[in-house]
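Make a model of this:
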Amino acid sequence: MLPITSGRVQRFLYSALLHVALPFICLRLIWQGRRSPGYLDRWWERFGSVARFATGMPVIWIHAVSVGEVLSSVPLIRRLRAVFPEARFLVTTATPTGAEMVRSRIEGNVTHAFFPYDLPWAVRRFLDRVRPSMVVVMETEIWPNFFAACRRCAIPLVMANARISPRSFSGYQRLPHLTREALDGVTFVAAQTGPDLDRFLKLGIPRDRVAVCGNLKFDIHVSRSLSEQGQALRRAFPGNRPIWVAASTHAGEETVILNAFKTVLRTFPHCLLVLAPRHPERFDDAAGQCKAAGLTVVRRSRQNPPTAECGVFLLDSLGELLPYYACADVAFVGGSLVPAGGHNLMEPAGLGVPVLTGPFSFNFTEIVGLLVDANALLVVRDAAELAGRVAELLADANLRHAMGEAARRVFDSNKGAAERVVQLLVQIRSGNIPELSPG
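Residues are numbered from 1 along each chain as shown. All right, here's what the predicted structure looks like:
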């Protein structure tokens, strides 16, 4: 008989609370579906009712909660498919934007499904229908019932590109028994950095089940064709205008960016702002803010190129950001002027574009540090600083070139995480893993 531990008791209470909250979870899903209909696509998968996978072919399951995690998984999946050509790949996300990114960024025979809610019966049903030979969870997703079910079914579970911010660490420490019991179901943790490794150790991962493997975001593929696409976009914009891309913006940031842009226009009246809000449900709101600011806006979804009179080109589409980074003179990465934690700085850096970010990039502390130390990143706090830095860069081609080349060197010198994680997964699939007792 299995011993009753504090962790098991807390997981029972956690499951009970999830069931009590289930009506509200459903209502929230419906509410999200009203704003973004993609949330209601295949809603039954969130309760474990995924199509059954054919037997006889090993399934490698990658869970990438949303856009950022999907982008991190792309170089890993590309290498895994070369190493395991006989395997079928399932990629799960929690958001429709993540699902769209899977469709646009991951080539070949990859199945997408929505990740099940962490209800014991939903998780069991999902695992029974998929029967994965291995599960890879990207970044920071700890689900007690899902992890326990994988352990019970003896399914190797690896946390890849794993990170824990100080804020998340404090949250997990509030339920130490539940967190430790969940992490008992993890075969190995491939941490991004040394501080991430230390936090996992403090949460209870044994030392022989965690190692620093680096950040998969450095391994994104930046092809020559992207630069060519960027140059083609520049030629399509009339007047050889300076271009500022402000990407992955959140609520509250567009106001700052538009105020900064109006200041920049005093010095560079022909500057074009390419504005790319992070979430599709905010596209209309961003367009309304541009018009309220007295700026002429053209929307990408209308399939019209920006005219000479256009001030803001609204990138209200998914999966197209990289070519616009490639045509930019300056890039600002959002989620950083508000406490959202920031977004992927390595995409513009890998393209040799000078990068700006706000003070709230706490999800990318290591990358920010590397770029700042290399003089490849500028951190701004408000509209005045943002306008000043953008104008400074637009006025100085030598400074733009120096920052862009420094960013590219940081990007190139930190590659290799994908290969390290793949080698780890090869070892695990061959059975060279720590013994897991039944959960």
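
what about residue 156, how many neighbours?
20 (other Cβ atoms under 10 Å). C-beta coordinates here come from the backbone N, C-alpha and C atoms, glycine included.

pLDDT score assigned to it?
What the model reports as pLDDT for residue 156 is 95.

likewise residue 435?
On the pLDDT scale, residue 435 gets 45.

Also residue 5?
For residue 5, pLDDT reads 61.

So which residues of the stretch 201-350 of the chain form strands?
210-212, 243-249, 272-277, 297-299, 312-314, 330-333 (DSSP state E, counting those that start in this stretch).

Mean pLDDT added to those, as CSV?
Converted to CSV, the strands of the stretch 201-350 of the chain look like this (pLDDT from 0 to 100):
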stretch, mean pLDDT
strand 210-212, 94
strand 243-249, 97
strand 272-277, 97
strand 297-299, 94
strand 312-314, 96
strand 330-333, 98
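
list the contacts for residue 387?
Shown in contact with residue 387 (Cβ atoms under 8 Å, 6 or more residues apart in numbering): 259-261, 263-264.

could you redo the last one with a cut-off of 10 Å?
By Cβ atoms under 10 Å, 6 or more residues apart in numbering, the contact set of residue 387 is 256-257, 259-267, 380.

ok, so of those residues, who is nearest residue 208?
Nearest to residue 208 among the contacts of residue 387 is residue 380, at 43.0 Å by Cβ to Cβ.

backbone phi and psi for the closest one, please?
phi -120, psi 150 (degrees, to the nearest 10).

from memory it sits against residue 330, does it?
No - using Cβ atoms under 10 Å, residue 380 makes no contact with residue 330, being 11.4 Å away.

Determine the number of other residues adjacent to the nearest residue in space to residue 366 that is not next to it in sequence.
Nearest residue to residue 366, sequence neighbours excluded (Cβ to Cβ, 6 or more residues apart in numbering): residue 193, at 4.9 Å. Counted by other Cβ under 10 Å, the residues lying close to residue 193 total 18.

and the gap between residue 193 and residue 411?
According to Cβ to Cβ, to the nearest Å, residue 193 stands 17 Å off from residue 411.

if I pick the closest residue to residue 293 other than its chain neighbours, what's in contact with it?
Closest residue in space to residue 293, ignoring its immediate chain neighbours: residue 258 at 4.6 Å, by Cβ to Cβ, 6+ apart. Applying Cβ under 10 Å, 6+ apart to residue 258 gives the contacts 246, 273, 275, 286, 289-290, 292-295, 311-312, 383.

how deep is the residue nearest to residue 317 when sequence neighbours are not counted tucked in, by neighbour count?
Nearest residue to residue 317 in three dimensions, chain neighbours excluded: residue 300, at 4.9 Å (Cβ to Cβ, 6+ apart). When neighbours are defined as other Cβ under 10 Å, residue 300 has 18 of them.

now do residue 265
Neighbour count for residue 265, taken as other Cβ under 10 Å: 16.

Distance of it relative to residue 387?
The value you get for residue 265 to residue 387, if Cβ to Cβ is used, is 9 Å.

Need the per-residue pLDDT for residue 285.
95.

so it makes contact with residue 250?
No - Residue 285 lies out of contact with residue 250 (Cβ under 10 Å); the separation is 11.1 Å.

which residues do these two both contact?
Shared contacts of residue 285 and residue 250 (Cβ under 10 Å, 6+ apart): 277, 279.

Looking at those two, which is more packed in?
Neighbour count, other Cβ under 10 Å: between residue 285 and residue 250, residue 250 has more, with 20 against 13.
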